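Trainee: below: sequence and its predicted model.
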Amino acid sequence: IRVFRARPAGLSDCRSQGGRKTVFQIHTSISTLKRDFFCPRNHGFLNDKRRCLRFRNSAFSGESSEEAFARRLRESQDVEDRVQFVETIEGFETQLDKAGQKLLVLEISSDEVCQTGTGEDPEYYWEEDKKASLEPCITLKHVFQRCARNCPDTVFVAALDNETENSRKLMDYLEVRYTPSLFFYRAGKRVWKVEGVNDAANDLGEGVLFYGDKLVQSSHPTSEWVPTISSKDQLQQFLVEQPPNLLAVVDVSTSDCNPCVHVFPAVVALARSLEGHVKFARFLCDSNSTETFRELGVVEVPTFIFYRGGAEVLRYVGSSRGDLIGKILEVQAAAGIQPPPPPPARGWRAR
C-alpha cells in the first residue's frame, strides 16, 4: 500500500492498491476541486498559501496599482452587497423568509472571543496573546467574505455576538454555544451547523458545496456530475439510464451527517475526473427514513453502493477518500477496465 499526499493537504491522504499514476491522477482532480472552490479568483488557500500565492500573482499580471486598487474596491463592495447583517430575531427571520429555497449561511462572530468549539479555550491575560488568539477567526471571516462574493446562488448573513440586549436575545434564539459558529439553512430549516473555529474554513466550503449544489465560479451545478435522487424509483431510473458496462456508484447520505458532507468534495472530484468511466449519484435521505434504509440494506452513512448493469457488485461503508478510490480501482480492475489517463498538470508539480 502506497501513500501519496496531494497538495493541498486539506483532503486526507490517498491510500490505494492502485499504481502511483492512477492515485496521483485522482488526487490531482480532488486538489483541483479544492483549489477551484477555496481559491476563488486565486486569492489564496488556507492550507497551501504558497501555491495560491503563485496563482494570485499571475492572475492579474500587467495590472497597474490604480487598477488593482479599483478592483479591490469593487470586491469590497461586492462583499458588502452580498453579506446581509442582522441584529435582531426579526431581522434574521426576514432574511430566512427572503431566502426561500436557496441555501442560507449564517455566520456568528465576535470581536472579543474566538473559541475552538472544544470547550477547552484558555483565558488570555496579555493583549498580545488575546490578539493572536483572534487571528483564526479573522481568517474565517475572510473566507466567509470570499465565498459570499463568489457564490451568488447562496444567501450569506452575518450576526455579531456582543453584549447588547438584542444580540443576547438573538444568540439565545439561535442556540449559539460557541463563537464563531456557522449555521446552514434550507427552506427555513437548519440543516447543518459548525461550532468553533477549528476547521471551520474548510467546513464552510464543504457545506456550501454539499447543500448549495454549485461550485464557486462555475455555471454548472454540482448535480450535473452527481445527480441527487431521493426515492427507490429514482434510483432504478438512474441505473436503467446507465450503459451496461459502466460502473455506477451511489452515495447514500443524510443531510445531517458530518462525514457525508466532508467526503462530498471528493465524490464530485471523482465524478468529474472519471466522467465516461464511472457515473456517480447521491441518494440523499432524511435521517428518519428507516424504510428506505431497510430497502437499501444500509445501516451506516455514508454508504457507497457499486452497480454494473443494474446489479450491485460491491459496497463500501465509510468516508475515507483513499479507501473509496481504492474500491473503485478494485472493481474496475476485476472487470478488466483500465483507469483513464491522468489529466494535464494544472499549476503545480508533485514533489
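Mentor: Arrived safely.
Trainee: nearest spatial neighbour of the most centrally placed residue in the chain, chain-adjacent residues omitted?
Mentor: Closest to where the C-alpha atoms of the chain average out (C-alpha atoms, centre = their mean) is residue 206, at 1.3 Å. Once flanking residues are discounted, residue 206 sits nearest to residue 261: 5.4 Å by C-beta to C-beta, 6 or more residues apart in numbering. (C-beta placed from N, C-alpha, C; glycine too.)
Trainee: so that neighbour: helix, strand or coil?
Mentor: helix (DSSP: H, G, I helix; E, B strand; the rest coil).
Trainee: run a quick neighbour tally on it.
Mentor: 24 (other C-beta atoms under 10 Å).
Trainee: ok, it - contacts?
Mentor: Shown in contact with residue 261 (C-beta atoms under 8 Å, 6 or more residues apart in numbering): 192, 203, 206-207, 210.
Trainee: sorry, back to before: quick one: the residue nearest to the centre of the chain and residue 268 touch, right?
Mentor: No - with contacts counted by C-beta atoms under 8 Å, residue 206 stays clear of residue 268, the gap being 10.4 Å.
Trainee: follow-up on the earlier one: would you mind measuring from the residue nearest to the centre of the chain to residue 266?
Mentor: 10 Å (C-beta to C-beta, to the nearest Å).
Trainee: the spatially closest residue to residue 298 that is not a sequence neighbour and residue 307: what is the separation?
Mentor: Closest residue in space to residue 298, ignoring its immediate chain neighbours: residue 252 at 5.2 Å, by C-beta to C-beta, 6+ apart. Separation of residue 252 from residue 307 (C-beta to C-beta) stands at 12 Å.
Trainee: the more surrounded of those two?
Mentor: Taking other C-beta under 10 Å, residue 252 and residue 307 do not tie; residue 252 has more neighbours (26 against 21).
Trainee: so which helix or strand takes in the more buried one?
Mentor: strand 247-254 (DSSP states H and E).
Trainee: next one: that strand to chain centre, how far?
Mentor: 17 Å (C-alpha atoms, centre = their mean, to the nearest Å).
Trainee: who does it touch, helix- and strand-wise?
Mentor: With contacts taken as 3 or more C-beta pairs under 8 Å, 6 or more residues apart in numbering; DSSP states H and E, strand 247-254 sits against helix 232-241, helix 258-273, strand 278-285, strand 303-308, helix 321-334.
Trainee: low-confidence regions, this protein specifically.
Mentor: For the chain, residues meeting the criterion pLDDT under 70 lie at 1-62, 66-80, 124-127, 214-219, 343-351.
Trainee: the domain parsing of it - what is it?
Mentor: For the chain, automatic domain parsing gives the domain ranges 2-9+18-59, 71-212, 220-334.
Trainee: mind putting the contacts of residue 261 into CSV with distance to residue 230 and secondary structure?
Mentor: Converted to CSV, the contacts of residue 261 look like this (distance: C-beta to C-beta, whole Å; DSSP: H, G, I helix; E, B strand; the rest coil):
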residue, distance to residue 230, secondary structure
192, 18, strand
203, 24, helix
206, 21, helix
207, 19, helix
210, 15, helix
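Trainee: PyMOL command for the buried members of the residues you listed?
Mentor: The following PyMOL line selects those of the contacts of residue 261 that are buried, judged by 16 or more other C-beta atoms under 10 Å:
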select buried, resi 192+203+206+207+210
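Trainee: in a markdown table, list the contacts of residue 261 along with distance to residue 336.
Mentor: Output for the contacts of residue 261, formatted as a markdown table (distance: C-beta to C-beta, whole Å):
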| residue | distance to residue 336 |
| --- | --- |
| 192 | 41 |
| 203 | 40 |
| 206 | 35 |
| 207 | 39 |
| 210 | 34 |
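Trainee: and the contacts of residue 261, which is closest to residue 63?
Mentor: residue 206 (31.6 Å; C-beta to C-beta).
Trainee: can you pull the contacts of residue 200?
Mentor: 140, 180, 182, 194 are the contacts of residue 200 under C-beta under 8 Å, 6+ apart.
Trainee: okay, and the first one sits in which element?
Mentor: Under the assignment given by DSSP H and E, the secondary-structure element containing residue 140 is helix 135-150.
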